[in-house]
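Asker: fold the following.
(3 chains)
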Amino acid sequence: MIHDFGIVWSERGLLLSGLMNTMLLSALAGFCALVLGVLLSTVLMQRARLLAQTARVFVDAARCTPFLLFVYFVYYGLPSAGLRFDNWSAGLAALIVYHTAYMGEILRGAWMAQPREPIEAGQAFGYTGLKLFRRIVLPPLALASAPVVGNQIIQIIKDSAFLTIIALPELTNAASSIQSRRYVPFASFIIAMLLYWALCLVVEAGVAAAGRMAQARR
Amino acid sequence: MNITIPTMPSDNTHALKVVGLSKSFGALHVLDNVSFGVAPGETVCLLGPSGSGKSTLLRCINWLERPDAGRILLNGRQVGISSGGVVMSDSELAAMRMHIGMVFQHFALWPHLTVLQNVMEAPVHVQRRPKDEVLAEAEALLRRVGMYEKRDAFPARLSGGQKQRVGIARALAMKPTLLLFDEPTSALDPELVGEVLAVMRDLAREGMTMVVVTHEMAFAREAASRIVFMDRGVVVETGDPETFFSAPKTERARQFLLRYASGPVPNAEPSSIVPLNPESASIRP
Amino acid sequence: MSFADILSIFSGALTTLLLSAAGIALGLPVGLGLALLRWARVPVAAPIVALYVSLLRASPLVTLLLLLFYGLPNVGISVGPVTAGVLALAMNTSAFNCEVWRAALMAFPKEQTEAAQSVGMRRGLRFRRIVLPQIVRIGLPGLVNEMTQLIKVTPVLALVGVVDVTRAAVRIGASTYEPLPPLLVAIAIYVPIVYALVSTQRWIERRQARLEAPA
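Answerer: This next block holds a predicted model:
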């Protein structure tokens, strides 16, 4: 068994590149999903019913669909409808579209829970538009939604592992590749799991820091 | 400390003039042809039972609520409608609002900023005044309301009375022409009401132009230059506080005083008045 | 897609449901056991449980499944795809359930335990008749949420050869060269099941809020 770990260590380059790809995918998808989620949450709260209803259907459908099936759908299913993606685009697109739905919903929830009066005070003091948003609306909202957004980022990291099915060279795929070539499945997957754990602990540390900032102001 | 008069051109005897203001929420007529004026330095208290439209009227003055009809004139300039006769854009409205200060019932302090930052925020970022000048004034204002020691605390750590005093300092920092108070002590525990009323009383004494919606009858009697009594969206009676409280002219005012202030009290000495409003036993210094 | 194809997808759905049920049935009590170990602060076990839960909550199910399916034989324990699948589902969900149970235990009012003690109830009885029914009630929304999550990750079983909905759909797509229709059918099977569970959870939450509202 120790010998097995030695073999994994010798393949650390591949593992590390898999880790890098996981981090890249997760960071990119997380950022895009967050930005698009902000837009989606505003659409969800529109008074124009048709628009809001359409967005609502999208969110509910995404949250009721298994991510793995969605990946299959994007990579294998869409080509027969004319849309062909390579595995990176398919993987990234699937992650972003899927998690935008979640982000939209949680941001909407965080927004609804915000007290209205301080924002009204901002307006009464002469704040409008972008300035109102940046200085008055955004900071408390960001602090309040940090924990749930952090959780969603962790979810994105874990969902990125599913992309191994479309041969995307992320961490789980790297571990699979090592185990199939060098016959060290236990060691390679355990190491992969520990690396995912480390990633999640980093995200959780970030959330905890935001939580401390929020706590001082709560 | 003197409140400096801000730089709005004054071509009118009234600092604030409300003319024929009406507003409905659906079928409910909340305001019906309301008119009154406020001279510079006056403190007007809006009194009336719940649902009389007092808060809505106040919020129409700075266009937080949009009136359906009527005009609001701040030092002769119309609020909400530009000189071309069209509804003001956001930035035009914002420019007018810089001259109208507001103190909110639930304080509405910005939770992510400290006390000092709350007071400095709008003068620096909306009025674009130099930071050191604003800092000096903010500290002076906080000393004035007795909150200087807590200047680095976050609002969440403060009591209601403390928060409201910061709210008043924050509004004053903008050097407003007019200060609006929306039931400033209604959300406070009884023992904290006094400290806020004391600050407000001093402001009134120093000549700040104020419109106050309140249930604090004792405060209104002592600090107001004029009472505007409203019921169901209509101005029923106006007059000086002494007359209103001791010998109201209308029956509705009499009923109101009976319910909320144990009836008209003739010739009472202001400083010996025991809290009349059963809902908030404010402790007077 | 022929009728036989649709039938095979539905048979795959049955497999999915059975294996999900197995995973849930195992995960619930194991999660409770783990939560109790941590809550009672049992000396050696509690910190181990904390680490285990933290690790499993952070691990993608895919990686865990591959670890069990390929790794266990590596260390001498032979497992088939179904065993590995159910084990992975159970381990994963038990970690999340543990946190739900823990929150329910922490929300459980201490006075109730004391009241039970004062009438002479012993520990086992106390737990069975007083504590358990209440923490089930408190934790129900969270537990139903976890069941929903579990069902949503069952397609992962296809990776180790279990013929569930996903694998059936992919196989049909490969043989008919029309991958889209069977995938859509598979999604169409999942969506109502998940939606039903989510609605149930919301209903439970609403009902509890109503019952607990002051009269």
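
Asker: so which residues of chain A form helices?
Answerer: With DSSP state H, the ranges of helices along chain A come out as A:2-10, A:12-44, A:49-64, A:67-72, A:87-112, A:117-124, A:129-131, A:138-160, A:171-182, A:185-216.

Asker: next, format those helices as JSON lines and append mean pLDDT.
Answerer: Listed next are these as JSON lines, based on pLDDT from 0 to 100:
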{"stretch": "helix A:2-10", "mean pLDDT": "86"}
{"stretch": "helix A:12-44", "mean pLDDT": "94"}
{"stretch": "helix A:49-64", "mean pLDDT": "91"}
{"stretch": "helix A:67-72", "mean pLDDT": "93"}
{"stretch": "helix A:87-112", "mean pLDDT": "93"}
{"stretch": "helix A:117-124", "mean pLDDT": "94"}
{"stretch": "helix A:129-131", "mean pLDDT": "89"}
{"stretch": "helix A:138-160", "mean pLDDT": "91"}
{"stretch": "helix A:171-182", "mean pLDDT": "92"}
{"stretch": "helix A:185-216", "mean pLDDT": "90"}
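
Asker: now distance to chain B and mean neighbour count too, for those, in JSON lines please.
Answerer: Every C-beta, even on glycine, is put in place using the N, C-alpha and C of the backbone. JSON lines is the format used below for the helices of chain A (distance: least, C-beta to the nearest C-beta, whole Å; neighbours: other C-beta atoms under 10 Å in any protein chain shown):
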{"stretch": "helix A:2-10", "distance to chain B": "46", "mean neighbour count": "13"}
{"stretch": "helix A:12-44", "distance to chain B": "17", "mean neighbour count": "18"}
{"stretch": "helix A:49-64", "distance to chain B": "19", "mean neighbour count": "15"}
{"stretch": "helix A:67-72", "distance to chain B": "35", "mean neighbour count": "25"}
{"stretch": "helix A:87-112", "distance to chain B": "14", "mean neighbour count": "20"}
{"stretch": "helix A:117-124", "distance to chain B": "4", "mean neighbour count": "21"}
{"stretch": "helix A:129-131", "distance to chain B": "6", "mean neighbour count": "11"}
{"stretch": "helix A:138-160", "distance to chain B": "4", "mean neighbour count": "21"}
{"stretch": "helix A:171-182", "distance to chain B": "37", "mean neighbour count": "23"}
{"stretch": "helix A:185-216", "distance to chain B": "6", "mean neighbour count": "19"}
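
Asker: nearest to B:Ser35, of the ones you listed?
Answerer: Closest to B:Ser35 of the helices of chain A, according to C-beta to C-beta: helix A:117-124, at 23.1 Å.

Asker: SS state for B:Ala136?
Answerer: Following DSSP: H, G, I helix; E, B strand; the rest coil, we place B:Ala136 in the helix state.

Asker: give me the low-pLDDT residue ranges for chain B?
Answerer: Scanning chain B for pLDDT under 70 picks out the ranges B:1-12, B:261-285.

Asker: does the longest helix anywhere in chain C come close to chain A?
Answerer: The single longest helix within chain C, with elements called by DSSP H, is helix C:3-39. No. Judged by C-beta under 8 Å from any C-beta of the partner chain, helix C:3-39 stays clear of chain A, getting no closer than 9.9 Å.

Asker: give me the buried positions along that helix.
Answerer: Applying a neighbour-count criterion of 16 or more other C-beta atoms under 10 Å in any protein chain shown, one finds C:5, C:8-9, C:12-13, C:15-17, C:19-20, C:22-24, C:26-28, C:30-39 buried in helix C:3-39.

Asker: now swap in stretch B:64-78 and tell me
Answerer: Buried positions in stretch B:64-78, judged by neighbour count with 16+ other C-beta under 10 Å: B:Leu64, B:Glu65, B:Pro67, B:Gly70, B:Ile72, B:Leu73, B:Leu74, B:Asn75, B:Gln78.

Asker: circling back to that earlier point, let me see the mean pLDDT of the longest helix of chain C.
Answerer: Averaged over helix C:3-39, pLDDT sits at 92.

Asker: cool, stretch C:46-60 as well?
Answerer: Mean pLDDT, stretch C:46-60: 93.

Asker: and the contacts of it?
Answerer: With C-beta atoms under 8 Å, 6 or more residues apart in numbering or on different chains as the test, stretch C:46-60 has contacts from A:154, A:157-162, A:172, A:193-194, A:196-197, A:199-201, C:34, C:37-38, C:40, C:64, C:91-92, C:94-96, C:98-99.

Asker: now do the contacts for C:Ile135.
Answerer: Each residue near C:Ile135 by C-beta under 8 Å, 6+ apart is listed here: C:Trp101, C:Ala104, C:Leu105, C:Phe108.

Asker: so which of these sits lowest on pLDDT?
Answerer: pLDDT across the contacts of C:Ile135 is lowest for C:Phe108, at 84.

Asker: what's near enough to touch it?
Answerer: Neighbours of C:Phe108 in contact, by C-beta under 8 Å, 6+ apart: C:Val131, C:Gln134, C:Ile135, C:Ile138.

Asker: model confidence for residue 85, exactly?
Answerer: As the question left the chain open, I've gone with chain A. 87.

Asker: wrong chain, I was asking about chain C
Answerer: 94.

Asker: can you tell me the element it falls in?
Answerer: Per DSSP states H and E: C:Gly85 is located in helix C:81-107.

Asker: single out the residue in the stretch 1-150 of chain B that lies closest to chain C.
Answerer: Using C-beta to the nearest C-beta, the single residue of the stretch 1-150 of chain B nearest to chain C is B:His106, 23.1 Å away.

Asker: hmm, back to that, tabulate the contacts of C:Ile135 (CSV), appending distance to A:Thr65.
Answerer: Below are those laid out as CSV (distance: C-beta to C-beta, whole Å):
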residue, distance to A:Thr65
C:Trp101, 28
C:Ala104, 29
C:Leu105, 33
C:Phe108, 35
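
Asker: can you pick the most crowded of the residues you listed?
Answerer: Comparing the contacts of C:Ile135 by number of neighbours (other C-beta atoms under 10 Å in any protein chain shown), C:Trp101 comes first, having 27 neighbours.

Asker: for that one, give me its contacts.
Answerer: C:Gly31, C:Leu32, C:Leu34, C:Ala35, C:Leu36, C:Ile135, C:Gly139.

Asker: spit out the contact partners of the fifth one.
Answerer: When you say that, I think you mean C:Leu36. C:Trp101, C:Leu105 are the contacts of C:Leu36 under C-beta under 8 Å, 6+ apart.

Asker: check the spacing between it and chain A real quick.
Answerer: 24 Å (C-beta to the nearest C-beta, to the nearest Å).

Asker: nearest to C:Met1, of the helices of chain A?
Answerer: Nearest to C:Met1 among these is helix A:67-72; the distance by C-beta to C-beta comes to 15.8 Å.

Asker: do the closest one and chain C meet?
Answerer: Yes. Between helix A:67-72 and chain C, judged by C-beta under 8 Å from any C-beta, the touching residues are A:Phe67, A:Leu68, A:Leu69, A:Phe70, A:Tyr72.

Asker: what about the helix holding C:Gly85, distance to the chain center?
Answerer: Centre-to-centre, helix C:81-107 and its host chain are 6 Å apart (C-alpha atoms, centre = their mean, to the nearest Å).

Asker: just the CA atoms of whatever helix or strand comes next after it, as CSV, please.
Answerer: Scanning forward in sequence from helix C:81-107 by DSSP H and E, the next helix or strand is helix C:110-118. Extracted in CSV, the C-alpha atoms of helix C:110-118 (Å, rounded to 0.1, in the frame of the first residue of the first chain):
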residue,chain,number,x,y,z
LYS,C,110,-33.3,20.4,27.0
GLU,C,111,-36.2,20.8,29.4
GLN,C,112,-37.9,17.9,27.7
THR,C,113,-35.1,15.5,28.6
GLU,C,114,-35.2,16.8,32.1
ALA,C,115,-38.9,16.4,32.3
ALA,C,116,-38.6,12.8,31.1
GLN,C,117,-35.8,12.2,33.6
SER,C,118,-37.9,13.6,36.4
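
Asker: re earlier: out of the contacts of C:Phe108, who has the most neighbours?
Answerer: Greatest neighbour count in these, by other C-beta under 10 Å, goes to C:Ile135: 23 neighbours.
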